[in-house]
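> could you work out the structure for the sequence below:
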Amino acid sequence: MNDTENKQAWCKDGEVKEKLFVSRLFDSGASVLLNPAKSTDLYTHDLFLMLQCDVKTVTTPFRTAFEKFGIQPSDAVTLNVKDVERYKEKYPNICIIFDVNHELYTGTHMVFLKSILIHIASGKVPVHKYEKRINDERGNAKDSYVMNCKMMPKLL
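The predicted model follows:
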């Protein structure tokens, strides 16, 4: 296309490219769908993105988080080390959603595993060891990464 001012032609070309994009298969576990509202509103957003996600529900503040890790109890969320290892192996592109709802804070935040791994590698994510689980044989995690949910994008 040579006419940079022919908006209709660019929109039509964009529709073709959107359909080609959607038709590709991804190894990442993500899927995209064309927005059905495009049939009546050409200028609405193009796609819906579906991702592999895991939800971590947080109903209790981590009361000693500030003394131990410098994170406010209202903001501290944990993610089991063994979960991170499993995600790396099985779901490298997963998104973790922290649904926090307790007396100090309510909010839903998200973070991609790849971002967590970068922070872990940099040494910026502390590890909390569960003293009561040292000899646990029931499958409980023995340690968790401690993160500040307010450093993650907020969904709700």
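
> which SSE is immediately downstream of the longest helix belonging to the chain?
In the chain, taking DSSP state H as the definition, the longest helix is helix 7-23. Helices and strands here follow DSSP states H and E; after helix 7-23, the next one along the chain is strand 31-34.

> counting by contacts, list what that next one packs against.
helix 7-23, strand 47-50 (3 or more Cβ pairs under 8 Å, 6 or more residues apart in numbering; DSSP states H and E). (Each C-beta comes from the backbone N, C-alpha and C, glycine too.)

> any chance of those in TSV, plus mean neighbour count, mean pLDDT and distance to Ala30?
Formatted as TSV, the entries for those read as follows, by neighbours: other Cβ atoms under 10 Å; pLDDT from 0 to 100; distance: least, Cβ to Cβ, whole Å:
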stretch	mean neighbour count	mean pLDDT	distance to Ala30
helix 7-23	11	81	11
strand 47-50	11	88	6
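
> quickly find the element holding Asp41.
Using DSSP H and E, no helix or strand contains Asp41.

> quick one: residues contacting Asn35.
Thr44, His45, Asp46, Leu47, Phe48 (Cβ atoms under 8 Å, 6 or more residues apart in numbering).

> again, only this time at 10 Å
Asn35 makes contact with Glu18, Asp41, Thr44, His45, Asp46, Leu47, Phe48 under the criterion Cβ atoms under 10 Å, 6 or more residues apart in numbering.
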